[in-house]
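> Give the three-dimensional model of this entry:
(chains A and B)
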Amino acid sequence: MTATGTSAGLSAWRFALVGTPNSGKTALFNALTGSRQKVANYPGVTVERKAGVFQTASGHRVNLVDLPGTYSLRGRSPDEEITRDVVLGRLANETPDLLLCVADATNLRVALRLVIEMKRVGRPMLLVLNMIDIARRRGIDIDLDKLSAELGLPVVTSTAVRRGGTEELLRRIDELAAGVSNKTAASASIGNTWAAPTTAELRAAQREADRVIKVAVGEPKRPDTLTGRIDSVLLHPVAGLLILLCLLFVMFQAVFAWATPVMDLIEAGFDALGAFAHDALPDGLLQSFIQNGVISGVGSVIVFLPQILILFLFILLLEDLGYMARAAFLMDRIMGGAGLHGRAFIPLLSSFACAIPGIMATRVIDNRRDRLTTIMVAPLMTCSARIPVYTLIISAFIPNTQVWGFVGLQGLVMFGLYAIGILSALGVAFVANHLFVRDGGMPPFMLELPDYKLPRLRSVAMGLYTRATMFLYRAGTTIFSMMVLIWFLASFPRAPVGATLPAIDYSLAAILGRWIEPLLAPVGFNWQISVALIPGMAAREVAVASLGTVYAIEGGKEAAEQIGQMLATKWSLATALALLAWYIFAPQCAATLAVIKRETGGWRWMFVTFFYMLTLAYVAAFVTYHTAVALGWG
Amino acid sequence: MTDNPASAVAEQRTPLGLAQRGFCGRIEAIVVTVGSGVSASEVERRLIELGFVEGATVEVLHEGPIGGDPIAVRVNDTTIALRRREAMAILVT
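Here you go, the predicted structure:
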């Protein structure tokens, strides 16, 4: 039924936000839709589709999508292709009734060139001058009527980050859309004359934009000197690098130090819950399932939520602040030595939290080879899921002593594991670059350094919330089902009556583990480790819980509480070190491999990544084990 | 020390890729001779899209920590980071 007449009965309008990167497009999207937004993927590609709903001043419903930022409609990367296809109406059910073209009012030059390019598409368009408050403060005098007349477009101002900053926009949309929606039916024949612009056309568009600016915009009376002053320190050849290093150090320190109290709390909570379940349920299978399978399994993963959130907090803050582009600037040559693009710095940094967002962030690299190299080495960065494994083994096997009087040996080993991860990533990138045949050398590195802006609490909180729900969802589905599987493998078949060995020795897990053991024995792994590595494929951190489950079922309740202490009695130091070495390189988890397959568009690079990492893991564990044995640690 | 008269210096086009920190000037032409992984015309298009067109004012604000590369360039009101290699295509006076 098609409803007409009353505004409540009208079908919702479909708008799309388009604009250059750093135009404050996402801030405007957040301001308009608030919490009524959801993030999904466009069908068939891994480009994030951010969609939300808002109401105009008159109460009309609008479906809004936030398109990936772009400097042109030429579609140089998967993200930009989505923007192009939506704007041109090539994607089914995505064709917008109205384009909200967002421009940073303090930086109109590049934005207006894009507007002029987009006018050729012929779709109804509204120019939103965002961050108008900053522009006014700097004394940039924009004559909206003249600008509108010169461009032949309605123009409206907004301050996305301030309450009420979008009121005028909401009011104007009603007036405009009323006229537009009548023509929506004709949107198939919008008179599109857009074609990928030539250099001459781009020049002409930029000249036109400059002409419009000359007519409608006054010179800024108070240019932004703050960004310049900050940059003279943060981009200083020596001080800038030192500050970047300090920042990374503080970040990792925070991940470990700040998270500990919360993690202890979560751990205590799950222990209490497990004890409660133990007391409440009769001894037997169900009790074992709830306590060892469900509660300790899920608990051992959720405990890492604080660390993941702290890491993402830093990444989101630095991104909103505008520092990430500076980090790429500082690191370009250093990473270039290994054949990595400066822009790879951000994806690789994100990979310290988790390789999945890191690999997804490689979309900002438009050259395919650079992107592939970055994707392949991203899983070598020490992700937060390795932390539990490292922490467990280090605390069990590395004495808590001081070296050189002030550095903790445990912390040093942890730092070493991170360092090996980074160095091997650089090494692999270097080798990969020499294997690929380069046509015409390094692709260009060009990046806008946006003015610094104070991060908005709301948008950071929203980003963190998304990350937290994604992690909990994963913990609740993949990880949980793996834990149940491991518990099942470790519990069945049950030990025969009168069995002399611990019950687990009769289980499927033992059978499976003994089957893999010969393959892993040369690197010093016993069958328990072999079993734990299987669910570790689902998520690395599960290996800890699995070891706990395997040994808890073997040794009873007390053992489960002290996995670490118990491991120290069961494994040799050589085995423990070999497992650490294995974990630096091990091709896990399955989700990462799946993302690699999606992002590279096929199985090939996934298998390349899987086998090169497996080989490195095996060799590293082998060498570590035999060196340790030779040193008498076997 | 060259004794070129000031007027001759002003007309001399130099690549932005050779400019030192603090250099201020105007873009005379964009001439891309080598593509970097992508075609020369693609490099040219990207430069234009970031605002590097004839007539724009440029200032080299910062230099990278190793070999003074990349450089951060103010183009009218935008700051763009780019490598000296690509900046060689931007001829300035």
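
> Count the neighbours of the closest residue to chain B within the stretch 501-634 of chain A for me.
At 17.9 Å from chain B, A:Thr600 is the closest residue in the stretch 501-634 of chain A, using Cβ to the nearest Cβ. Where C-beta positions appear, they are placed from N, C-alpha and C, glycine not excepted. Burial of A:Thr600, expressed as a neighbour count using other Cβ atoms under 10 Å in any protein chain shown, amounts to 20.

> repeat for A:Ile359
Using other Cβ under 10 Å, A:Ile359 has 26 neighbouring residues.

> Quick check: it vs A:Leu423, distance?
Taking Cβ to Cβ, to the nearest Å as the measure, A:Ile359 and A:Leu423 are separated by 20 Å.

> do the same with A:Leu380
Where A:Leu423 is concerned, A:Leu380 sits at a distance of 9 Å (Cβ to Cβ).

> Pick out whichever of the two has more residues nearby.
Between A:Leu380 and A:Leu423, counted using other Cβ under 10 Å, A:Leu380 has the larger neighbour count: 26 against 12.

> distance of the residue nearest to the more buried one when sequence neighbours are not counted from A:Phe611?
Spatial nearest neighbour of A:Leu380, excluding adjacent residues (Cβ to Cβ, 6 or more residues apart in numbering or on different chains): A:Ala425 at 4.1 Å. Using Cβ to Cβ, one obtains 17 Å as the distance from A:Ala425 to A:Phe611.

> Next, the buried residues of the helix or strand where the residue nearest to A:Leu380 lies.
When secondary structure is defined using DSSP states H and E, the element that contains A:Ala425 is helix A:409-435. By neighbour count on 16 or more other Cβ atoms under 10 Å in any protein chain shown, the buried set for helix A:409-435 is A:410-411, A:413-414, A:417-418, A:420-421, A:424-426, A:428-430, A:432-433.

> nearest spatial neighbour of A:Ala543, skipping sequence neighbours?
Counting by Cβ to Cβ, 6+ apart, A:Gly536 is the residue found nearest to A:Ala543 once chain neighbours are left out, at 3.7 Å.

> from what I can see the one you found touches A:Pro587, true?
No - distance between A:Gly536 and A:Pro587: 10.6 Å, which falls outside the contact criterion (Cβ atoms under 8 Å).

> okay, the two: which has more neighbours?
When neighbours are counted by other Cβ under 10 Å, A:Gly536 and A:Pro587 differ, and A:Gly536 comes out ahead with 27 against 21.

> which residues touch the more buried one?
Residues near A:Gly536 by Cβ atoms under 8 Å, 6 or more residues apart in numbering or on different chains: A:542-543, A:546, A:586, A:588-589.

> Same check on A:Leu311?
Taking Cβ under 8 Å, 6+ apart as the test, what A:Leu311 contacts is A:251, A:255, A:352-353, A:384.

> How much space separates it from A:Leu28?
For A:Leu311, the distance to A:Leu28 equals 27 Å [Cβ to Cβ].

> Could you tell me how many residues sit around the closest residue to A:Leu454 other than its chain neighbours?
Distances taken as Cβ to Cβ, 6+ apart place A:Leu321 nearest to A:Leu454, at 7.4 Å, with adjacent residues excluded. Neighbouring residues of A:Leu321 were enumerated by other Cβ under 10 Å; the total is 15.

> A:Leu321 reaches A:Lys453, doesn't it?
Yes - A:Leu321 is within contact range of A:Lys453, at 6.8 Å (criterion: Cβ under 8 Å).

> name the element the residue in the stretch 51-200 of chain A positioned nearest to chain B belongs to?
Distances between the stretch 51-200 of chain A and chain B by Cβ to the nearest Cβ are smallest at A:Tyr71, namely 4.2 Å. For A:Tyr71, there is no host helix or strand (DSSP H and E).

> before we move on, what about B:Leu61?
Element membership of B:Leu61, judged by DSSP H and E, is strand B:57-66.

> all strands of chain A, in order?
Applying DSSP state E to chain A gives strands spanning A:13-19, A:37-41, A:48-55, A:61-66, A:98-104, A:125-130, A:155-157, A:402-403, A:407-408, A:446-448.

> Now do the second one, average pLDDT.
Averaged across strand A:37-41, pLDDT comes to 69.

> And the fourth one, by the same measure?
When the per-residue pLDDT values of strand A:61-66 are averaged, the result is 90.

> who's in contact with that strand?
Contacts to strand A:61-66, defined as Cβ under 8 Å, 6+ apart, come from residues A:10, A:12-17, A:25-26, A:29, A:32-33, A:49-56, A:86, A:94, A:96, A:100, A:173, A:177.

> Output the set of residues of the stretch 451-600 of chain A in proximity to chain B.
The interface of the stretch 451-600 of chain A toward chain B, taken as Cβ under 8 Å from any Cβ of the partner chain, is made up of A:Asp451.

> Good, wrapping up.
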